[in-house]
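> sequence below, structure please.
(one chain, ligands or ions: 1)
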Amino acid sequence: MPTTPTGLRVQARRLTQRVRGAGRVLHDVSVDIAPGRIVVIAGSSGAGKTVLLESLAGLRAADEGTVLHDGARPGAPGPEFGFVPQEDILHRDLPLHRTLVYAAGLRMPAGTSATEVTAAVDRVLVSLGLSHRAGTPVRALSGGERKRAGIAAELLTGPRALFLDEPTSGLDPVTGAALLRTLRSLAEGGTTVVLTTHVLADLLRGDHVVFLSPDGQVAYAGEPGRLCGAFGVDTVEDVYGVVAEGAVPVGAVAAGGASAGALPDGAGSDGTVSDGAGSDGVRVGPAPDGPAVPRARPAARPVPRRRVGAVRQWSLLTRRGSALLLHSRLSVAVLAGSPVMIVAMFAVLFRAGAFDPADPDPGSTAMIMFWIAFGAFFFGLTYGLLQICTELPVLRREWLAGLRIGPYVASKLTIMLPVLAAADALLLAVLRALDRLPAAGWDVYLSLFVSSVLASAAALALGLLASAAVTDPGQATLMLPLLCFPQVLFSGAFVPVPRMTAAGEAISWAMTNRWAFEALGAGIGLEALWRDGASRLGPPLLDAYGDSFAGPARHGWLILTGFTLVFLAATWAVLVRKCRGGVVRDRAGG
Ligand SMILES: Nc1ncnc2c1ncn2[C@@H]1O[C@H](COP(=O)(O)OP(=O)(O)OP(=O)(O)O)[C@@H](O)[C@H]1O
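Below you'll find the model as predicted:
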């Protein structure tokens, strides 16, 4: 495993954090974490452990106070930074080794050869005891193995500091202890390790403990062995109890806001959590007066790494996305199943020969065109809706490591568009084969195909936007009917646009389905069929639909392309905002 001779020194000085909806979460917290140590952040649920961890990692801007890395504001994460959140930061469907190879491709500097990537992956797998699971899909790993797999991804670049949010939660005591031993060996190799935990045993396995009180102040900062004694209790469990009741360590200054103390510029000689408050390194009491908070120096920039270029990112993401799609049974079932089901339903619903000019069925022709438009829309929307929300934690972590959102969104389009085109072609081919569509020339079918694919592309982009905007797959599923309903009602198929109210007509402008319906109707020549066909129903329908099908199909294509671009741009903007939210660090490569 690549290790560094010296870990990162991490300091927080009089840090106060507020969270919208929760108010002040951390208050006047000061800690000084020396390189190569394991620091455990503990405290009751909601005490602010995660907020402190993210702040120390530079992922959360300080409301008051300062966070310093090696004495400077947190710089670009680059290879010195590893962060393992509670959520999985690896996709679950591919074998572990392959998953890590993709993760390495995005994290390691441009120019790293495939052999070097494989060697780095092999090394971290050995060091985390996962070599024998290299070929196992991530989803089939045990909880402990998955945690270690997440850590493995972070170790690929040999970080100087590793931040972990509850790495042992959900693990049995033996597996948890083994994970802590792994972290110990990393610390011995020079890495600074900071973790949050609820597991009592973890507190005693670190070098230092920062114990937060329920109101987000440091109740104790010091050696684990002195924790119980400091509060005059026998067990760590009791510490939680007395801290919740507002107890302070025996002999501590009780007045004022508790704090680990504002730090002098320089860690204790033991290089640990230190506050200048005595040999036990524990202070609970007001921070000393005076200019305790030094002004942060401009970030000392690490040696710039050459970031993987946008085209290579796009290519890597496209390959990974395609592999993930094919490995997920659910995705394959949705991709293949929904077109087949819809085509079968259309075949059963409509009679043959509706387009026969000698005996046309004008009402059915309009409905067939509408349902082709809606089928194309539905394929695109369902394919897009689960694309992003299911992997947001992975995206966020990779964004921090240098992933660009543009290539990410482009890769989604690259993967899904050919599948959508195939579904649309299948729909048209089957309807033609069953005589639900007329015997017309290639030019007509090319026009129908382009209209369908553009309708699918716009719906895919809308699905991606919704997927980026929601917070979980459950919300994305709820979006499906919400997005489909207006597309049906305001498409102009059931209530023709000229018969709508002014408000309805205005809304119909924003419906991609309206433009797809009109482009399809124009492409197949509905107007001529209704006007010249041998059906009495044709002229009244023509009258009702007005000039819906009068323009060239190209008109609809342009509008659908515009919608696609707007939705994609909005997806990009939402994702950039979600990734940036509160992050104070620059990104890898600037
Ligand atoms: N995104 C958020 N929106 C609203 N409140 C938040 C958010 N993040 C944190 N909080 C609030 O901030 C406080 C501290 O949260 P934090 O997750 O740091 O606690 P914790 O000590 O890690 O808790 P736990 O041990 O349960 O994970 C909590 O009251 C929490 O509800």
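> look up the closest residue to the residue nearest the centre of the chain, ignoring the ones flanking it.
Nearest residue to the geometric centre of the chain (Cα atoms, centre = their mean): Leu392, 1.0 Å. Take Leu392 and drop its neighbours on the chain: the residue closest to it by Cβ to Cβ, 6 or more residues apart in numbering is Lys578, 7.1 Å away. The way it works is simple: take the backbone N, C-alpha and C, and place the C-beta from them, glycine included.
> what does that neighbour show for phi and psi?
Main-chain torsions, Lys578, degrees, to the nearest 10: phi -70, psi -40.
> which residues touch it?
Contact analysis of Lys578 by Cβ atoms under 8 Å, 6 or more residues apart in numbering lists Leu392, Arg396, Ala468.
> what's the domain layout of this protein?
According to automatic domain parsing, the chain comprises the domains 10-96+159-244, 310-580.
> among these, which comes closest to the ligand?
With Cβ to the nearest ligand atom as the criterion, the ligand lies closest to domain 10-96+159-244 of the domains of the chain, at 3.5 Å.
> ok, which stretches of the stretch 151-300 of the chain are strands?
Taking DSSP state E, counting those that start in this stretch, the strands of the stretch 151-300 of the chain run over residues 161-165, 192-196, 208-212, 218-222.
> circling back to that earlier point, for the residue nearest to the centre of the chain, report the pLDDT, please.
Listed pLDDT for Leu392 reads 92.
> do the same with Ser185
Ser185 is assigned a predicted lDDT (pLDDT) of 88.
> for it, which non-adjacent residue is spatially closest?
Using Cβ to Cβ, 6+ apart and skipping the chain neighbours, the partner closest in space to Ser185 is Ser127 (7.8 Å).
> try Thr477
Nearest in space to Thr477, with sequence neighbours left out and distances taken as Cβ to Cβ, 6+ apart, is Leu385 at 7.4 Å.
> the ligand contacts on the stretch 451-590 of the chain?
Within the stretch 451-590 of the chain, no position is adjacent to the ligand by Cβ under 6 Å from any ligand atom.
> low-scoring stretches of the stretch 451-590 of the chain, by residue?
Per-residue confidence for the stretch 451-590 of the chain (pLDDT under 70) gives these ranges: 582-590.
> could you redo the last one with a cut-off of 90?
For the stretch 451-590 of the chain, the stretches flagged by pLDDT under 90 are 471-473, 533-534, 551, 579-590.
> would you map the strands across it?
Under DSSP E, counting those that start in this stretch, the stretch 451-590 of the chain gives no strands.
> please enumerate the helices of it.
For the stretch 451-590 of the chain, the helices defined by DSSP state H, counting those that start in this stretch cover 473-489, 502-509, 512-524, 526-532, 538-545, 553-580.
> grab the nearest non-local neighbour of Glu116.
Spatial nearest neighbour of Glu116, excluding adjacent residues (Cβ to Cβ, 6+ apart): Met108 at 7.4 Å.
> for that neighbour, what are phi and psi?
Dihedral pair for Met108: phi -80, psi 150, per degrees, to the nearest 10.
> residues near it, how many?
Met108 has 20 neighbours, counted by other Cβ atoms under 10 Å.
> pretty sure Pro339 contacts Leu428?
No: look at Pro339 against Leu428 with Cβ atoms under 8 Å: they stay out of range, at 11.1 Å.
> in contact with Val497, which residues are there?
Here Val497 is in contact with Glu505, Ser508, Arg514, Tyr545, Gly546, Ser548 (Cβ under 8 Å, 6+ apart).
> now the buried members of those.
The neighbour-count criterion (16 or more other Cβ atoms under 10 Å) marks Glu505, Ser508, Arg514, Tyr545, Ser548 among these as buried.
> can you classify the residue lying closest to Gly375 once chain neighbours are set aside by secondary structure?
Take Gly375 and drop its neighbours on the chain: the residue closest to it by Cβ to Cβ, 6+ apart is Ile342, 5.0 Å away. Secondary structure state of Ile342, per DSSP: H, G, I helix; E, B strand; the rest coil, is helix.
> wait, Ile342 sits on Phe378?
Yes: counting by Cβ under 8 Å, Ile342 touches Phe378, with 7.0 Å between them.
> mind checking pLDDT for the residue nearest to Gly375?
pLDDT, Ile342: 87.
> and Val253, by the same measure?
The model reports Val253 with a pLDDT of 40.
> do the same with the one 3 residues further on
pLDDT recorded at Gly256 is 31.
> before we move on, the earlier item: show me the contacts for the residue nearest to Gly375.
Applying Cβ under 8 Å, 6+ apart, we find Ile342 in contact with Gly375, Phe378, Phe379, Leu427.
> and the last one, how many neighbours?
Close neighbours of Leu427, defined as other Cβ under 10 Å, add up to 24.
> please identify which helix or strand holds His27.
According to DSSP states H and E, His27 maps onto strand 23-33.
> scratch that, Thr66
When elements are assigned from DSSP H and E, Thr66 belongs to strand 64-69.
> check which residues of that strand are buried.
Judged by neighbour count using 16+ other Cβ under 10 Å, the buried positions of strand 64-69 are Gly65, Thr66, Val67, Leu68, His69.
> can you tell me the SS state at the nearest residue to the third one once chain neighbours are set aside?
Spelled out, that is Val67. Counting by Cβ to Cβ, 6+ apart, the nearest residue to Val67 once its immediate chain neighbours are dropped is Ala12, at 5.2 Å. Secondary structure assignment for Ala12 (three-state DSSP): strand.
> from Pro552, how far off is Ala12?
64 Å (Cβ to Cβ, to the nearest Å).
> out of those two, which sits in the more crowded spot?
Neighbour count, other Cβ under 10 Å: between Ala12 and Pro552, Ala12 has more, with 24 against 12.
> what residues does the stretch 151-300 of the chain put near the ligand?
Contact residues, the stretch 151-300 of the chain versus the ligand (Cβ under 6 Å from any ligand atom): Thr196, His198.
> so what's the residue lying closest to Phe83 once chain neighbours are set aside bridging to?
The shortest distance from Phe83 to any non-neighbouring residue, by Cβ to Cβ, 6+ apart, is to Phe163 (4.8 Å). Following DSSP bridges, Phe163 is listed with bridge partners Phe83, Val194.
> quick one on the thing from earlier: just the strands of the stretch 151-300 of the chain: most buried one?
Among the strands of the stretch 151-300 of the chain, ranked by average contacts under mean count of other Cβ atoms under 10 Å, first place goes to strand 218-222 (a mean of 30).
> and it, what does it pack onto?
strand 23-33, strand 208-212, helix 227-231, helix 236-244 (3 or more Cβ pairs under 8 Å, 6 or more residues apart in numbering; DSSP states H and E).
> in a markdown table, list these along with mean pLDDT.
Listed next are those as a markdown table, based on pLDDT from 0 to 100:
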| stretch | mean pLDDT |
| --- | --- |
| strand 23-33 | 92 |
| strand 208-212 | 94 |
| helix 227-231 | 89 |
| helix 236-244 | 90 |
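> Thr191 is nearest to which of those?
Checking the helices and strands packed on strand 218-222 against Thr191 by Cβ to Cβ gives strand 23-33 as the closest, at 11.7 Å.
> who touches the helix or strand just after that closest one?
Downstream of strand 23-33, the next assigned helix or strand under DSSP H and E is strand 38-43. Residues from elsewhere that reach strand 38-43 (Cβ under 8 Å, 6+ apart): 31, 33, 49, 52-53, 180, 183-184, 187, 192-198, 202-203, 205-214, 219, 224, 243, 272-273.
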